[in-house]
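Q: Okay, here's the prediction I keep looking at, along with the sequence it came from:
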Amino acid sequence: MRPQALRRREASFKSSLAVEVERHVWPLIEAGKFRANVFKVFRLDEAGEAHRLMQTSRHIGKIVLTVEA
């Protein structure tokens, strides 16, 4: 079975999925047992460089943009 995009799913499915994620996944995140693999962090003014890195596919993990207040 091919996975479907969430936008095509019924609202009731999305709602129940959110409840299950909150019940089973969120506690793992809060406990620090699940963290995103961050490859590199860029400032917002370095977005072009971040995009070039993304296009190379030479990264494993997330490329993050930060906004300084």
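A: Arrived safely. Numbering: from 1, shown residues only.
Q: From now on I want contacts and neighbour counts done on CA atoms only, so please keep to that.
A: Fine.
Q: Name the single longest helix found in the chain.
A: Ranked by residue count, the top helix of the chain under DSSP state H comes out as helix 11-24.
Q: Mind listing what's buried along that one?
A: Residues of helix 11-24 include none that count as buried (16 or more other CA atoms under 10 Å).
Q: correct me, but residue 66 touches residue 46?
A: No - counting by CA atoms under 8 Å, residue 66 does not reach residue 46; the two are 9.5 Å apart.
Q: Which helix or strand in this protein has the lowest average pLDDT?
A: helix 26-30 (a mean of 93; mean pLDDT, DSSP states H and E).
Q: how distant is that helix from the center of its chain?
A: When distances are taken as CA atoms, centre = their mean, to the nearest Å, helix 26-30 is centred 15 Å away from the chain's centroid.
Q: Distance from the helix or strand just after that helix to the middle of the chain?
A: Sequence-wise, the next helix or strand downstream of helix 26-30 (DSSP states H and E) is strand 38-43. In terms of CA atoms, centre = their mean, the centre of strand 38-43 is found 13 Å from the chain centre.
Q: average pLDDT for strand 38-43?
A: Throughout strand 38-43, pLDDT has a mean value of 97.
Q: Remind me what that strand packs against, helices and strands.
A: strand 62-66 (3 or more CA pairs under 8 Å, 6 or more residues apart in numbering; DSSP states H and E).
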